[in-house]
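In: Sharing a sequence plus its predicted fold:
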Amino acid sequence: MKRFALLFVVVICGMGGLGQKLKPKKRSNGEEINFRTKTKDACTMSMSGDEEIKLRIECKSQGMSYWCEFTGKPSVCRAFRNNPKMYWNQIAVELRKLPHACESTQVLKTTMCQKAPTEAVMKQIAAGMEPEDLGNQDKSVQKTSTSMRGAGKSSVKKIGKPAVLPLIKPTQRGRGSENETEAMKLAREHCWESLHGFCSYIIGIFRG
């Protein structure tokens, strides 16, 4: 009888261990977390992957949108495996303290995985920015240029003489160069170095 009871206990323990092994891991794939930065940029972070996880952050700020991507293996951190949701919430909390979610964030660290291996750290691999409704701006520019061409043709037919372009006064040239200089100055202050030319062009369109 004692042997039967002992055998029964062993079988129950074995089944319990098997149940723990078959218990599915907590996953965070497909989840999204919305947050706002210190300067009120509206951002969304989404995660994908299993062992190596890809994190993408997308933000909108004052007519501009920017994004960045990170990769890492936080699954090597035991605390992450136990509670991945808390891990991502800690990252969101740190991002809320920044004026820009993608600048000065080459790596993302959390307090719960401070002692984890370096491969657990999420490292930035790509980033970018672009103005919102850029397609609509291009269409408006094309319509304006088309209407100006039509007006030029009609004036030539009525007068019968080639249209003469007015000379640009030195003051006008000075203003144009001053606008370009001001646009480049703003681009250097608010845009990344690799995007100075693009930002200067967009700012020049808005400033006329």
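Out: Now that the structure is in, tell me what you want to look at.
In: need the helices for this protein, in chain order.
Out: 2-22, 78-82, 84-96, 134-159, 170-190, 196-207 (DSSP state H).
In: rank the ones you listed by pLDDT, which is bottom?
Out: By mean pLDDT, the lowest-scoring of these turns out to be helix 2-22, with a mean of 45.
In: Identify the spatial nearest neighbour of residue 119, chain neighbours not counted.
Out: The spatially closest residue to residue 119, leaving aside those adjacent along the chain, is residue 73, at 4.8 Å (CB to CB, 6 or more residues apart in numbering). For every residue, glycine as well, the C-beta is placed using N, CA and C.
In: Was I right to think the one you found contacts residue 51?
Out: Yes: counting by CB atoms under 8 Å, residue 73 sits close enough to residue 51 to count as a contact (6.2 Å).
In: Settle it for me: which of these two has more neighbours?
Out: Neighbours around residue 73 and residue 51, counted as other CB atoms under 10 Å, are more numerous at residue 73. The numbers are 19 against 8.
In: Tell me who's in contact with the more buried one.
Out: Taking CB atoms under 8 Å, 6 or more residues apart in numbering, we find residue 73 in contact with 51-53, 119-120.
In: Can you select the buried ones from these in ChimeraX?
Out: Selecting in ChimeraX just the buried members of those, where the criterion is 16 or more other CB atoms under 10 Å, is done with this command:
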select :53,120
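In: With distance to residue 205 and pLDDT as added columns, please give the contacts of residue 73 in JSON lines.
Out: Written out in JSON lines, the entries for these read as follows (distance: CB to CB, whole Å; pLDDT from 0 to 100):
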{"residue": "51", "distance to residue 205": "45", "pLDDT": "87"}
{"residue": "52", "distance to residue 205": "41", "pLDDT": "93"}
{"residue": "53", "distance to residue 205": "39", "pLDDT": "95"}
{"residue": "119", "distance to residue 205": "45", "pLDDT": "93"}
{"residue": "120", "distance to residue 205": "44", "pLDDT": "93"}
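In: what separates the closest residue to residue 112 other than its chain neighbours from residue 113, distance-wise?
Out: Spatially, and ignoring its direct neighbours in sequence, residue 112 is nearest to residue 79 (4.2 Å; CB to CB, 6+ apart). Counting by CB to CB, to the nearest Å, the gap between residue 79 and residue 113 amounts to 6 Å.
In: just to revisit the earlier point, quick one: the residue nearest to residue 119 and residue 126, what's the gap?
Out: For residue 73, the distance to residue 126 under the criterion CB to CB works out to 18 Å.
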